[in-house]
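Trainee: Okay, sequence plus prediction incoming.
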Amino acid sequence: MKELKIFNQDDFPKYLPKLNSLYDDLFSAGKGFRSKLIQMIGKHLHLSDRQELLLAQTIEFIHNASLLHDDLIDRSTLRRSKPAAWLKYSPEYAVLAGDYLLARVMVNLSRYGNLRLIQYTAEIISDLLEGEWIQDSLVRDWNVQLNQLDQVHDLKTASLFKWCLRAPFIVKENYNEELHQTLAEMGTLLGLLFQRGDDLLDFDVRNDEGKAVLGDLKSGYLNSFAAFLSRDFDEEKKRRLRACQELADVKALTGEEYFNRCVQHFDDLNAQVIQLYEHKARSLEPYLEVSERGLIHDLNGLPSVLYFRRAK
Amino acid sequence: MEYITLTKGDPEFESYLLGTFDSKSRALPVETFEGKNSGERVTFRIVPLDKLNVPPWWKVYFLSIRPELAGLTLGPAAAAWLNHSGAALSQWTRWPSWLALLGIFFLFAAACLYNDYQDHMQGGDRRNRQRGSQVIQKGWVTAIQMRRWAVLNAALALVFGVPAFFNAPLALSLICLGAAVAIFIISQKWGLRAGLVDLSLMLLFGPLLTCGIALASYSDFNSGDIFLGVAFGLLTVWVFHLRQLEFLFRARPESFRTFLGFLPFEKVRLVLVMESALVVMAQLAAAVWLRLPFLFFPLSLFISLPLWICVQRIWQAGSPLSSSLMGISWRALIAHLGWTVWWLASLGVVNWNSM
């Protein structure tokens, strides 16, 4: 897969050096998973380089704008092992830099001129922000349940995955409604799996990327695995869970065996989601040209990357 | 695991929803989405019948008729039955009274069963897995079987209701006409934004029910039945509103049968708090009108406790997803049950004293 230059200083005003420096920091460390997903789909749909770059930039700009805002809202001090932008520059710069990225998205898309793509992108930005807003109402809510969190994650996380799956077809001007419905449903499931996999990292499960442990819990947020783990806890046990500072404290509270059993049950639950996703991927076949059908195989490999964090 | 996804236009769509596609397996709806033009898309998981672990039919029937909701209908009916001072207990052998109560029970059962069938076919219970009895969605019964059960229960309601009907045919005809109009408004969601559906629910579970029972049992009704009806009607609509509260998040306002769906969450909270106060005042006003023994007034403070706990949890909720709203529908039903027991006990004492 060729390397795409998502952030190019030439695309941004040279008279705003601080903005460029902030973006340099931001874009240099990310995995760029979403843009790689666009490239993977673009390859099968035979998108032009220009189209591929436009879509990859769009999704990464939106994602990184949300990170800039997210870090400030959560007061997270680190992003990708570096000081968060709001801390290194200022909260005001972090907000403006995030807003500017979203504005650039609309400038770039309107120059390209596909009205449906502009409309759909605006919708997912709106979903993303609704998700942020509603998630904030769940901070310090220690009785929240998995199905409630799924609704938040559908807005906050899955909306971008839906976009990654649908936008390449919109650019190709393939507007078949059933195809887009299937892709949206697959995006919902991918977002759910990605978020649940990410939430497991917080409990150091398959945490090969070395993400900080118990970050969510310490910042007052019961993530999907924590909600699953504590679903049968009484009030006292929940109170002790939220006081945990180390993973060892959590395991001491639950017992190592119970903790591992919960991870196993959580995996089993998500294995069912993966089966459903694979069924949907298979049902894409009638909507794809023969030359595009290799996409199904590639899409089928995504859940294990996103949930089990297996390298592809 | 075998899955199949069908859209509304597919010829097999209805047979999968009804459960008639195969006699040896069930199609369990896993996901339901709404397409912009193509309509619904449902993904079913196909499970052989022998792997489903289906409970015996009577258990499925019992769960389907929603015993937890029975108090919403049978409570006001029993209260109206007791509200004819001296008459109810001394004339308890009057067969039309019993038949009327049995008729109401089967009518309630038929409404629950048909509601499950309709909400399965229309998608409400498939989209939200906390709604309805979920017995169709679990594959314990097919939608077509559920519809047959509903028809059978409606027939039983008719059989038991007709003899009672002849106690006061003209007045009961008017009551039935009023109930039919209310049901029509509720099912068609007429005047939803203006609260007409909520008002119809109040009348249906309130004055129409209490006056109907009084007429069927004793060929007569009085102002006490109306007061009692308004008190129960408001209480039932309050329960209904609280049960909707859990589902307000990102749902289309038109998908609810209440005007609350059109309001911002902050206003919904405010309306519900004010409504809770109104419900308590209505119970007390009716109690004063019916001259209940004084002892029951201080008791009402204790009885209204579950209701105020609901109010507190509503007030704490930061959003419709807040966990303080979890289980609020059960708490609302407990509040309703508390008031029903209060009413039955106090009317029973009045009856006993007047015998």
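Mentor: The structure has been received and is ready for your questions.
Trainee: Could you use CA atoms for every contact and neighbour count after this?
Mentor: Will do.
Trainee: which stretches of chain A form strands?
Mentor: Listed from the start of the chain, chain A has strands (DSSP state E) covering A:78-79, A:82-83.
Trainee: Which of these sits closest to chain B?
Mentor: Taking CA to the nearest CA as the criterion, chain B comes closest to strand A:78-79 out of the strands of chain A, the separation being 28.2 Å.
Trainee: pLDDT below threshold where in the chain?
Mentor: Assuming you mean chain A. With pLDDT under 70 as the threshold, chain A has low-confidence stretches at A:311-312.
Trainee: meant chain B, my bad for not saying
Mentor: For chain B, applying pLDDT under 70 flags the ranges B:1, B:35-38, B:85-96, B:250-254, B:355.
Trainee: Closest approach to chain A from it, which residue is it?
Mentor: Distances between chain B and chain A by CA to the nearest CA are smallest at residue B:323, namely 5.1 Å.
Trainee: That residue reaches residue A:139, doesn't it?
Mentor: No. With contact defined as CA atoms under 8 Å, residue B:323 and residue A:139 do not form a contacting pair (10.9 Å).
Trainee: Residue numbers of the stretch 1-150 of chain A in contact with chain B?
Mentor: Among all residues of the stretch 1-150 of chain A, those adjacent to chain B (criterion: CA under 8 Å from any CA of the partner chain) are A:134, A:137, A:138, A:141, A:142, A:143, A:144, A:145, A:148.
Trainee: By neighbour count, which of the residues you listed wins?
Mentor: Neighbour tally across the residues of the stretch 1-150 of chain A next to chain B (other CA atoms under 10 Å in any protein chain shown): the maximum, 26 neighbours, falls on residue A:144.
Trainee: Run through the residues that contact it.
Mentor: Taking CA atoms under 8 Å, 6 or more residues apart in numbering or on different chains as the criterion, residue A:144 is in contact with A:138, A:222, A:227, B:322, B:323.
Trainee: Of these, which belong to helices?
Mentor: Mapping those onto helices (DSSP state H) picks out residue A:227.
Trainee: circling back: please name the nearest non-neighbouring residue to the residue of chain B closest to chain A.
Mentor: Using CA to CA, 6 or more residues apart in numbering or on different chains and skipping the chain neighbours, the partner closest in space to residue B:323 is residue A:144 (5.1 Å).
Trainee: What of residue B:182?
Mentor: On the basis of CA to CA, 6+ apart, the spatially nearest residue to residue B:182 that is not a chain neighbour turns out to be residue B:200, at 4.9 Å.
Trainee: which is the next helix or strand following the helix or strand where the one you found lies?
Mentor: Residue B:200 is part of helix B:196-204 when elements are defined by DSSP states H and E. Taking DSSP H and E as the definition, the helix or strand that follows helix B:196-204 towards the C-terminus is helix B:207-218.
Trainee: looking at it, residue A:276 is touching residue B:3, isn't it?
Mentor: Yes. Judged on CA under 8 Å, residue A:276 makes contact with residue B:3 at a distance of 7.5 Å.
Trainee: that older thread, what residues does the residue nearest to residue B:182 make contact with?
Mentor: Under the criterion of CA under 8 Å, 6+ apart, the neighbours of residue B:200 are B:182, B:183, B:185, B:186.
Trainee: hang on, residue B:3 is in a helix, isn't it?
Mentor: No. Checked against DSSP: H, G, I helix; E, B strand; the rest coil, residue B:3 lies outside a helix; its state is strand.
Trainee: Surely it and residue A:279 touch.
Mentor: Yes. Between residue B:3 and residue A:279 a contact is recorded at 6.6 Å, counting by CA under 8 Å.
Trainee: Can you name the residues of the stretch 151-300 of chain A sitting close to chain B?
Mentor: Contact residues, the stretch 151-300 of chain A versus chain B (CA under 8 Å from any CA): A:177, A:178, A:181, A:275, A:276, A:279.
Trainee: Sitting in helices, which of those do you find?
Mentor: In helices, judged by DSSP H, the following of these are found: A:177, A:178, A:181, A:275, A:276, A:279.
Trainee: Out of those residues, which two sit at the greatest distance?
Mentor: Of all pairs drawn from those, the one with the largest separation by CA to CA is A:177 and A:275; the distance is 23.0 Å.
Trainee: okay, these two: which has more neighbours?
Mentor: Between residue A:177 and residue A:275, counted using other CA under 10 Å, the more crowded position is residue A:275 (16 against 13).
Trainee: who's in contact with residue 65?
Mentor: Went with chain A since none was named. When the contact criterion is CA under 8 Å, 6+ apart, the partners of residue A:65 are A:97, A:98, A:99, A:101, A:102.
Trainee: let's do chain B instead
Mentor: Contacts were defined as CA under 8 Å, 6+ apart; by that measure residue B:65 touches B:108, B:109, B:110, B:112, B:113.
Trainee: All set now, cheers.
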